[in-house]
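>>> 3D model of this:
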Amino acid sequence: MYGNEQRSHLISLTAAFVALIAVGGWVSLPIPPVPVTLQTFFVLLAAVVMGRSAVLPVSVYLLLGTLNMPVFHNGLAGIGVLLGPTGGYLIGFIPAVLVAGLAYEQDNRIIKAGGIVAATLTIYLFGIAWMSYSTGMALAQAVVLGLVPFIVGDLLKGIAAFMIGERI
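Sure, this is the predicted structure:
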């Protein structure tokens, strides 16, 4: 009589995290060229809750934004956002959530914490590389603009995601 409960659960979590990541984009501190948002927190939290399946909500989120749904930071949308200086950070969400998700499928707390750190570094790697390439700025300047101002905030987001994961 019932449908597939695992699939229903996966669809529900996917929808919830797509919405949370999109809402996280509206909570923004406009620091040029990359605003500080809560998107990365919800990406990490999706990995904590869903494991490797968290690739689904992140991919759907990026697809919706690419299809001109205003889900990116501050309601932006379109392929132009992905091709702009912040696009690398957004694309980096996919491998980052996979890294953290795989780590969260393990029982070891150190691996889980390492997964969150590795995911954050993955986002930085994609973001900084793309910012440098798309704007023509030197890599060192891209690091100063695209990493340094975000270290403390991303550290707090990572700690929060880890602590929530411990409670779930």
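>>> Next one: the residue nearest to Pro35 when sequence neighbours are not counted from Leu76, what distance?
Residue nearest to Pro35 in three dimensions, not counting chain neighbours: Ser28, with 4.7 Å by CB to CB, 6 or more residues apart in numbering. Glycine gets a C-beta too; all of them are placed from N, C-alpha and C. Going from Ser28 to Leu76 by CB to CB, to the nearest Å gives 10 Å.
>>> can you tell me the helix or strand for Ala118?
Following DSSP states H and E, one finds Ala118 within helix 109-135.
>>> other SSEs contacting the helix or strand of the chain with the lowest mean pLDDT?
One helix or strand of the chain scores below all others by mean pLDDT, DSSP states H and E: strand 28-29, with a mean of 78. Applying 3 or more CB pairs under 8 Å, 6 or more residues apart in numbering; DSSP states H and E, we find strand 28-29 packed against strand 36-37.
>>> For the strand it packs on, which strands pair with it and how are they oriented?
strand 28-29 (antiparallel) (DSSP bridges).
>>> which residues are contacting the partner strand?
The contact list for strand 28-29 (CB atoms under 8 Å, 6 or more residues apart in numbering) reads 35-37, 73-74.
>>> repeat for stretch 142-151
Contacts with stretch 142-151, where a contact means CB under 8 Å, 6+ apart, come from 31, 33-34, 36, 89, 124, 127-129, 131-132, 135, 137.
>>> Quick check: the nearest residue to Ile123 once chain neighbours are set aside vs Thr86, distance?
Leaving out its chain neighbours, the residue that sits closest to Ile123 by CB to CB, 6+ apart is Gly92, at 4.2 Å. Distance, Gly92 to Thr86, by CB to CB: 10 Å.
>>> Quick check: neighbours shared by these two?
The contact sets of Gly92 and Thr86 overlap at Gly127 (CB under 8 Å, 6+ apart).
>>> quick one: contacts for Ala16?
Counting by CB under 8 Å, 6+ apart, Ala16 touches Pro57.
>>> Would you mind measuring from it to Gly78?
From Ala16 across to Gly78, the span is 24 Å (CB to CB).
>>> Was I right to think Val27 contacts Thr37?
Yes - Val27 is within contact range of Thr37, at 6.1 Å (criterion: CB atoms under 8 Å).
>>> one step back: from the contacts of stretch 142-151, which is closest to His9?
Tyr89 (29.0 Å; CB to CB).
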